[in-house]
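Asker: Fold the stuff below for me.
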Amino acid sequence: MSDSMKEVVETLDPVSRRLIPPSINIGTLVPLKTTLELRDNLSLGYAYLTRAPSKATNDIVNIARALAGDDAAKNLPHLRRCSKPADLPPHLKTQFMNEGNGRQVHVGKSAWLYILLGPQDEIPYEELVKGLATIDDIRDDIFVATIPVPLLAPTSQVQANMWSQQFWQTVYRKNNPLGPHPSTISRSESSVSRDASVWMNLAHQIAKKSQKAGIGEPIGAVIVKRTVPGKADAGRVVLAKEGSVESDGIHQSDSGNESVRADTDNGYPGSPTCSGSINTTYATDAECNGTTSEIKHSEDEGKEITQIVAIAADARWHQQEKTGRTGNPTAHAALRAISMVAQKLVRAENRVKSEPQITEFEAFQDKPLLNDEQIVFDAEHPCPDGYLCHELELYMTHEPCTMCAMAILHSRMGRIVFRHRMPLTGGMSSEDRGYDACEHGSCGGGQGLGLHWRKELNWSMLGWEWETDKVESLLVDAHLHA
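Answerer: Prediction:
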């Protein structure tokens, strides 16, 4: 294990340090694309264009706004309103120079400008010409042209420069209308990449144990809580003896509101969260209960820490016969992990336990079946406030299926990282489902769902694919729902 990885391991909670494998293989994070980024990043439409002396620009713009409306989207805010003749793309310069008084407009010291009026389908042509005819400077030679323009904003400066040469002068405003903001991805990735390999190796380990035990496919899931110094939501951890961990959550004030999306400006999901120490302070049981016991400061004070909340393997074959079946769909690794988080939250609230009903078959295999699952399940939730999996991170060996992907979203998970993409059944990837995913060659087709970031849904989360060639691949059937 490298020195940098040893430093990461030292910041982990005792339960995590007890479970992680002795050797941590490193991987690389690749951000997941959204469906819009893959399909609509070059959606073209037509816009009206005119030219006039610069002194008439305001009058012309007012006419265009009156006809198209003040809606910023209709007015194409990522495109420059005016352009000097010399700044036109070469093909437009050649085309317009030979139309009307184009030669006069394109002379060296010309005071004329080309003015983008708005989308063609939003401005009636007859009304536009009638309005331009009221302007004295262009009444005798009204010039109106239609040009193709990108309808959506660019997602990078390189793309903006390319569109400026191909269509019209385009502005990159350092945002991404098709997905999460680039700075949000960058900040989050710098944080997640620090210990992602630890959790992915742990997920791989529990997946192998499940396969060996015969209870499920080699699929594993790990859910962790990340505590960032300086953030008001940082939890307060109670350390017991090595190998066990206890926690006493501190409730937040009533002013916290749950955010609708997990893409706030600081790169982390919004409130509600667990309030408490913001410098990774470790406290005693008595101190968390409101007494005046002395706080024990960790040597890692000021460092970011992560704590394991749940670990689960696939258990679809537990109490199931494999012949001609797909297994228990409610025993997928992601669903089991989320359910374990929920049970720990219920336990933290000291709710009265209901008497378990004796059934011949337990559909929800959400009780620990493996020793590693039991160890994590017995440890208290590090921050038992807020809604289910809000602000937590999920690490999986395989891309979750559509059912699990929606469950992950409904649980308000903050981030997801997975290794193996499932082109035929996965719910997170946005790429088109390839025909080469199955050895029979007749499967596939259709568009990826990209459920981690969809405008139609009331929750979004950041996602990455973890790539490595140093860890054994966990091969499963291409048609398997993970």
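Asker: all strands of the stretch 351-482 of the chain, in order?
Answerer: 392-398, 415-420, 462-467 (DSSP state E, counting those that start in this stretch).
Asker: So for the last one, what gets flagged as buried?
Answerer: Under the neighbour-count criterion of 16 or more other C-beta atoms under 10 Å, strand 462-467 has Leu462, Gly463, Trp464, Glu465, Trp466 buried. C-beta coordinates here come from the backbone N, C-alpha and C atoms, glycine included.
Asker: Next, the residue nearest to Pro382 when sequence neighbours are not counted: secondary structure please.
Answerer: The spatial neighbour of Pro382 that comes closest, neighbours along the chain excluded (C-beta to C-beta, 6 or more residues apart in numbering), is Gln307 at 4.3 Å. With DSSP: H, G, I helix; E, B strand; the rest coil as the basis, Gln307 sits in strand.
Asker: Name whatever forms a beta bridge with Gln307.
Answerer: Counting by DSSP bridges, Gln307 forms beta bridges with Lys225.
Asker: and it, how far is that from Thr326?
Answerer: 34 Å (C-beta to C-beta, to the nearest Å).
Asker: Between these two, tell me which one has more neighbours.
Answerer: Gln307 (22 against 12; other C-beta atoms under 10 Å).
Asker: Report whether the expected contact of that one with Ile223 is present.
Answerer: No - counting by C-beta atoms under 8 Å, Ile223 is not a contact partner of Gln307; they are 10.2 Å apart.
Asker: For the stretch 201-350 of the chain, which segments count as helices?
Answerer: Using DSSP state H, counting those that start in this stretch, the helices of the stretch 201-350 of the chain run over residues 285-288, 333-348.
Asker: now the chain, which segments are flagged as low pLDDT?
Answerer: 40-41, 70-75, 108, 230-302, 323-324, 351-361, 435-437, 439-442, 444-445 (pLDDT under 70).
Asker: how many other residues sit next to the spatially closest residue to Asn175 that is not a sequence neighbour?
Answerer: Ranked by C-beta to C-beta, 6+ apart and with sequence neighbours excluded, the top spatial neighbour of Asn175 is His181, at 5.9 Å. His181 has 16 neighbouring residues, counting by other C-beta under 10 Å.
Asker: For Arg226, see how far away His181 is.
Answerer: 19 Å.
Asker: One more: Ala111?
Answerer: With C-beta to C-beta as the criterion, Ala111 and Arg226 are 58 Å apart.
Asker: between these two, which one's more packed in?
Answerer: Set Ala111 next to Arg226 and count neighbours by other C-beta under 10 Å: Arg226 wins out with 23 against 11.
Asker: wait, the more buried one sits on Lys303?
Answerer: No - if you go by C-beta under 8 Å, Arg226 and Lys303 don't touch, sitting 11.7 Å apart.
Asker: mind listing the strands for the stretch 51-200 of the chain?
Answerer: With DSSP E, counting those that start in this stretch as the criterion, the stretch 51-200 of the chain has strands spanning 82-83, 112-119, 144-150.
Asker: Kindly reformat these as a markdown table containing mean neighbour count.
Answerer: Shown next, in a markdown table, are those (neighbours: other C-beta atoms under 10 Å):
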| stretch | mean neighbour count |
| --- | --- |
| strand 82-83 | 18 |
| strand 112-119 | 22 |
| strand 144-150 | 17 |
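Asker: Now distance to Arg419 too, for the ones you listed, in a markdown table please.
Answerer: Output for the strands of the stretch 51-200 of the chain, formatted as a markdown table (distance: least, C-beta to C-beta, whole Å):
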| stretch | distance to Arg419 |
| --- | --- |
| strand 82-83 | 48 |
| strand 112-119 | 43 |
| strand 144-150 | 35 |
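Asker: Which of these sits closest to Glu99?
Answerer: strand 144-150 (7.7 Å; C-beta to C-beta).
Asker: Work out the gap between that closest one and the centre of the chain.
Answerer: 34 Å (C-alpha atoms, centre = their mean, to the nearest Å).
Asker: what helices or strands is that strand leaning on?
Answerer: Other helices and strands packing on strand 144-150, by 3 or more C-beta pairs under 8 Å, 6 or more residues apart in numbering; DSSP states H and E, are strand 44-53, helix 125-132.
Asker: As JSON lines, the ones you listed with distance to Lys209 and mean neighbour count would be great.
Answerer: Conversion of the helices and strands packed on strand 144-150 to JSON lines gives the following (distance: least, C-beta to C-beta, whole Å; neighbours: other C-beta atoms under 10 Å):
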{"stretch": "strand 44-53", "distance to Lys209": "52", "mean neighbour count": "20"}
{"stretch": "helix 125-132", "distance to Lys209": "69", "mean neighbour count": "15"}
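Asker: want to throw these into TSV with distance to Ala315?
Answerer: Listed next are these as TSV, based on distance: least, C-beta to C-beta, whole Å:
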stretch	distance to Ala315
strand 44-53	49
helix 125-132	65
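Asker: For Pro177, find the nearest of the ones you listed.
Answerer: strand 44-53 (14.9 Å).
Asker: The closest residue to Thr155 other than its chain neighbours - how many residues pack around it?
Answerer: With C-beta to C-beta, 6+ apart as the criterion, Thr155 has its nearest non-adjacent residue at 4.9 Å, and that residue is Asn176. Other residues within reach of Asn176, judged by other C-beta under 10 Å, total 21.
Asker: what residues are up against Asn176?
Answerer: Glu37, Thr155, Pro182 (C-beta atoms under 8 Å, 6 or more residues apart in numbering).
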